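Asks: I'll drop the sequence and a predicted model, then ask my questions.
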Amino acid sequence: MAKFGKWIGGGLGFTLGGPLGALAGFFLGSFFDEAEIIHQQPGSITDQKAQITQGDYMFSLLVLITAVLKADGKILRSELDYVKEFLIRSFGTDGAKQALVILKDLTRQNIPITDVCNQIRKFVDYSSRLQLVHFLFGIAMADGFIHPDELSLIKHIATTLGLSEADYNSIEAMFVPKTDWAYAILEIQKQATNEEIKKSYRKMALKYHPDKVSYLGEDVQKAANEKFQKLNEAYQLISKERGM
């Protein structure tokens with residue numbers, strides 16, 4: 001049996017059922033012994049208490065990445081390079097190679113994105129869903145421009161995943177240039193008082209802290225630092241402008 005990187009090799013849980021399971025079923029058999037998958041992670045789509053694994057999370061991310069890559073009707077080399085770099089940085093060369101096999105296979109499949117998002121929302125906690133959307137913006141921005149179709153799809157994904165409009169706008173402001181982007185990231189109006197800004201920053205720092213996704217492993221936690229750093233950058237900019 002070929003180990004599928006260090007994350008799927010650790011087992012799958014909720015992704016073996018529902019629409020994600022249907023997508024996985026096309027190729028998992030060539031990498032795993034079915035009995036071993038079941039032995040490693042017996043959770044199913046009907047098991048509301050199933051513990052999600054890093055494999056569940058990253059397979060879900062690959063499915064969403066594929067949908068975004070296909071959103072504008074073409075998959076650019078710069079986008080694939082960004083995905084490859086992210087995977088190598090997170091999982092090493094061997095893990096990235098095998099993950100790209102999944103990605104290549106997924107590009108040939110029809111992804112029922114709404115059903116997939118509903119399944120993810122059912123099992124994945126809110127902080128981890130925030131991080132999924134942040135990853136997707138990074139992929140879409142790989143070529144320096146987010147196509148309107150990509151932006152529309154990411155917003156649909158975020159909404160279906162259950163993200164609040166304020167949280168979606170905060171993450172979007174980290175990638176899409178707009179007036180008062182720093183205030184948008186902090187989910188606060190420009191007219192806010194210094195005390196309100198400090199209070200909002202503390203609230204956002206708790207929400208975006210990398211420790212929120214530590215249960216998904218060191219790789220995902222490290223990747224979450226990018227979002228947290230952008231939050232700090234926004235707060236420092238506002239603080240400097242106001243002399244706080």
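Replies: That came through fine.
Asks: make it CA atoms for all contacts and neighbour counts henceforth
Replies: Will do.
Asks: how near is the most centrally placed residue in the chain to residue 240?
Replies: In the chain, the residue lying closest to the centroid (C-alpha atoms, centre = their mean) is residue 132, at 1.6 Å. According to C-alpha to C-alpha, to the nearest Å, residue 132 and residue 240 sit 31 Å apart.
Asks: Residue 111 too?
Replies: According to C-alpha to C-alpha, residue 111 stands 45 Å off from residue 240.
Asks: Between these two, point out the one with more neighbours.
Replies: residue 111 (18 against 9; other C-alpha atoms under 10 Å).
Asks: Would you mark the buried spots in the lengthiest helix in the chain?
Replies: In the chain, assigned by DSSP state H, the helix with the most residues is helix 77-106. With burial defined by 16 or more other C-alpha atoms under 10 Å, the residues of helix 77-106 counted as buried are 79-80, 82-84, 86-88, 90-91, 95-100, 102-103, 106.
Asks: now swap in stretch 194-206 and tell me
Replies: The neighbour-count check on stretch 194-206 (16+ other C-alpha under 10 Å) flags 197, 198, 200, 201, 204, 205 as buried.
Asks: For residue 161, state which of the residues you listed is nearest.
Replies: residue 204 (19.0 Å; C-alpha to C-alpha).
Asks: Where in the chain is the helix or strand with the lowest mean pLDDT?
Replies: helix 34-40 (a mean of 40; mean pLDDT, DSSP states H and E).
Asks: What's the first helix or strand after that one?
Replies: Following helix 34-40 in sequence order, the next helix or strand is helix 54-70 (DSSP states H and E).
Asks: What are the contacting residues of stretch 65-84?
Replies: Here stretch 65-84 makes contact (C-alpha atoms under 8 Å, 6 or more residues apart in numbering) with 96, 100, 103, 106-107, 111, 113, 136, 139-140, 142-143, 147-150, 153-154.
Asks: Now do it, average pLDDT.
Replies: Averaging pLDDT along stretch 65-84 yields 83.
Asks: same check, this time on stretch 110-118
Replies: Throughout stretch 110-118, pLDDT has a mean value of 95.
Asks: and that stretch, how far out from the chain's middle?
Replies: When C-alpha coordinates are averaged (C-alpha atoms, centre = their mean, to the nearest Å), stretch 110-118 and its chain have centres 15 Å apart.
Asks: cool, and stretch 196-215?
Replies: Stretch 196-215 sits 17 Å away from the centroid of its parent chain (C-alpha atoms, centre = their mean).
Asks: which residues sit against that stretch?
Replies: The contact list for stretch 196-215 (C-alpha under 8 Å, 6+ apart) reads 127-128, 186-188, 220-222, 224-225, 227-228, 231, 235.
Asks: Most neighbours out of those residues, which is it?
Replies: residue 186 leads the contacts of stretch 196-215 on contacts (other C-alpha under 10 Å) with 28 neighbours.
Asks: What values do phi and psi take at that one?
Replies: When quoted as degrees, to the nearest 10, the phi and psi of residue 186 stand at phi -80, psi 0.
Asks: Excluding chain neighbours, give the residue nearest to residue 168 in space.
Replies: Sequence neighbours aside, residue 158 is the residue nearest to residue 168 in space, at 6.7 Å (criterion: C-alpha to C-alpha, 6 or more residues apart in numbering).
Asks: CA atoms only: put the helix or strand harbouring that neighbour into PDB for me.
Replies: Assigned by DSSP H and E, residue 158 belongs to helix 148-160. As requested, the backbone C-alpha atoms of helix 148-160 are provided in PDB (Å, rounded to 0.1, in the frame of the first residue of the first chain):
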ATOM      1  CA  PRO A 148     -14.800  37.800 -10.700                       C
ATOM      2  CA  ASP A 149     -15.900  34.200 -11.200                       C
ATOM      3  CA  GLU A 150     -13.400  33.100  -8.600                       C
ATOM      4  CA  LEU A 151     -14.500  35.800  -6.200                       C
ATOM      5  CA  SER A 152     -18.100  34.900  -6.600                       C
ATOM      6  CA  LEU A 153     -17.400  31.200  -6.000                       C
ATOM      7  CA  ILE A 154     -15.300  31.900  -2.900                       C
ATOM      8  CA  LYS A 155     -18.100  34.000  -1.500                       C
ATOM      9  CA  HIS A 156     -20.600  31.200  -2.200                       C
ATOM     10  CA  ILE A 157     -18.300  28.800  -0.500                       C
ATOM     11  CA  ALA A 158     -17.900  31.000   2.500                       C
ATOM     12  CA  THR A 159     -21.600  31.600   2.900                       C
ATOM     13  CA  THR A 160     -22.400  27.900   2.500                       C
END
